[in-house]
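> Okay, sequence plus prediction incoming.
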Amino acid sequence: MTEPKCRVAIVGSTGYGGVELIRLLLQHPHVEITSVISSSSSGVPIADGYPHLNQIMVEDLDGVDVAAMKEKADVVFTATPSGVSAKLAPQLLEAGLAVIDLSGDFRLKSPDVYSKWYKKEPAAQAYLDEAVYGLAEIFGADVPGKTFISNPGCYPTATLLGLIPAVQAGWIDPATIIIDAKSGVSGAGRGLGLSVHYSEINENLAPYKLNKHQHIPEIEQVLGRIAGREVTVTFSTHLTPMTRGILSTMYATIQGGYKEEDFIGLYREYYEGRPFVRIREKGRWPATKEVWGSNYCDIGFAVDERTGRVTILSVIDNLVKGAAGQAVQNLNLMMNWDEGAGLAFTPVYP
């Protein structure tokens, strides 16, 4: 007898994160997409806005209706702008639905910190406490059986996977961490804006939100959790003229005489059995194109014995490992399925 598939609904299906969820879940062996939802385009075929889904996804977009979602779905992915899920997710949870939230509304445990960085009204403290932070390779053991997962941000995913093993081992001084991160323009979403206008971004590399990016407190919160003390980092973000990808280049002072071979060995042991983190050989550093369209995070190292510092490089696809792919990974963990179900595909290259 065939086991019934898990029914999923996707709120925010007309955004890049939502449409990437559709791509991944359509070929997931245990999942059936029963509703694609948009507050702005309900009643319109989703292929009208995304012609690449023509004859693949023929459904019209549904409106945001909690009662209808309860009838159609078991799990709801909320791929919404910040501030929306803070109000919607509690309604879905109260209706008995499991929720995997891709927004930033439940990542920060302090409502005051959220208000300061996101400039929006925070969710109630009870729901902030309930949400499990789903950085799968680090906190994946917390996910099985839970019904409310907060999916990490794209920059924090690349950055934290690159830093946590060394911070936890005490091999680097957390007070010296500097993070230089670069992202493709899809991270800015599908909305229109001068900074993502073709004439502005083409053949250009531009810093933005220096010392003000909303992912800073998320990175510091998790590093503090790992280090057992407050951690403050310098975090700079840049927009690059490519569609997908994040390269996070991190610098820190080494505590001890560790060499590149040591870091490689530490990280390979730390991530042993985690299929989506790949550690590079000595002298080989990852590039965004090598993870394009995949759920992989590739990490490399360069130790400068002259300065006593290590450079850690981490790359991901911001829409997959940094959003939809990690959300599917969390669904797999939540349901006690194979962690790689629906995600076992190679990067697109070239």
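Received the coordinates, thanks.
> what sits up against stretch 251-267?
163, 165-166, 169-174, 176-180, 277, 279-283, 299, 301-303, 305, 308-312 (CB atoms under 8 Å, 6 or more residues apart in numbering). All C-beta spots, glycine's among them, are computed from the backbone N, C-alpha and C.
> Give me the buried subset of the residues you listed.
163, 165-166, 169, 171-172, 174, 177, 179-180, 277, 279-280, 299, 301-303, 308-312 (16 or more other CB atoms under 10 Å).
> which ones among these are found in strands?
179-180, 277, 279, 299, 301-303, 309-312 (DSSP state E).
> Distance of residue 68 relative to residue 34?
10 Å (CB to CB, to the nearest Å).
> who has more neighbours, these two?
Neighbours around residue 68 and residue 34, counted as other CB atoms under 10 Å, are more numerous at residue 34. The numbers are 18 against 14.
> Look up which helix or strand that one falls in, please.
Per DSSP states H and E: residue 34 is located in strand 31-37.
> what about that strand, distance to the chain center?
Remark: strand 31-37 is offset 21 Å from the chain centroid, using CA atoms, centre = their mean, to the nearest Å.
> got the buried residues for it?
31, 33-37.
> all helices of the protein, in order?
Ranges of helices in the chain, per DSSP state H, are 16-25, 46-49, 66-72, 85-94, 111-118, 125-130, 136-139, 154-169, 198-201, 216-227, 260-270, 325-334.
> Could you measure from residue 78 over to residue 148?
11 Å.
> what is in contact with those two at once?
89, 99, 101.
> among the residues you listed, who's most crowded?
Busiest of these [other CB under 10 Å] is residue 101, holding 29 neighbours.
> In contact with that residue, which residues?
Under the criterion of CB under 8 Å, 6+ apart, the neighbours of residue 101 are 77-78, 85, 89, 131, 148-151.
> Just the ones of those residues in strands?
Filtering those for strands - DSSP E - leaves 77-78, 148-150.
> could the residues you listed go into a markdown table alongside pLDDT and neighbour count?
Listed next are those as a markdown table, based on pLDDT from 0 to 100; neighbours: other CB atoms under 10 Å:
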| residue | pLDDT | neighbour count |
| --- | --- | --- |
| 77 | 98 | 31 |
| 78 | 98 | 26 |
| 148 | 98 | 20 |
| 149 | 98 | 28 |
| 150 | 98 | 28 |
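> For residue 240, give its distance to residue 280.
21 Å.
> Next: residue 50.
Counting by CB to CB - residue 50 and residue 280 are separated by 35 Å.
> same deal with residue 310?
14 Å.
> Between the two, which contacts overlap?
residue 301.
> rewinding a little: which stretch in the helices of the chain has the least confidence?
Mean pLDDT is lowest for helix 198-201 among the helices of the chain, at a mean of 92.
> That helix: which residues count as buried?
residue 201.
> got the CA positions of it in CSV?
Extracted in CSV, the C-alpha atoms of helix 198-201 (Å, rounded to 0.1, in the frame of the first residue of the first chain):
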residue,chain,number,x,y,z
TYR,A,198,20.3,46.5,-15.0
SER,A,199,22.1,49.7,-15.7
GLU,A,200,23.0,50.1,-12.1
ILE,A,201,24.2,46.6,-11.2
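> show me the contacts for residue 209.
residue 237.
> got a list of what the nearest residue to residue 140 once chain neighbours are set aside touches?
Leaving aside its chain neighbours, residue 140 sits nearest to residue 333 (5.3 Å; criterion: CB to CB, 6 or more residues apart in numbering). Going by CB under 8 Å, 6+ apart, residue 333 touches 134, 136, 140, 143-144, 339.
> just residue 195 next, same as before
Contacts of residue 195 (CB under 8 Å, 6+ apart): 188, 201, 206, 208, 239.
> Filter those down to the buried ones and hand me the ChimeraX line.
For the buried members of these, the matching ChimeraX selection, counting by 16+ other CB under 10 Å, is:
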select :201,239
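> Hmm, which of the contacts of residue 195 is lowest in pLDDT?
The minimum pLDDT among the contacts of residue 195 falls on residue 188, with 88.
> ok, that residue touching residue 237?
No - Residue 188 lies out of contact with residue 237 (CB atoms under 8 Å); the separation is 10.9 Å.
> circling back: quick one: the ones in strands among the contacts of residue 101 as JSON lines, columns for distance to residue 326 too.
Output for the ones in strands among the contacts of residue 101, formatted as JSON lines (distance: CB to CB, whole Å):
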{"residue": "77", "distance to residue 326": "11"}
{"residue": "78", "distance to residue 326": "14"}
{"residue": "148", "distance to residue 326": "16"}
{"residue": "149", "distance to residue 326": "10"}
{"residue": "150", "distance to residue 326": "11"}
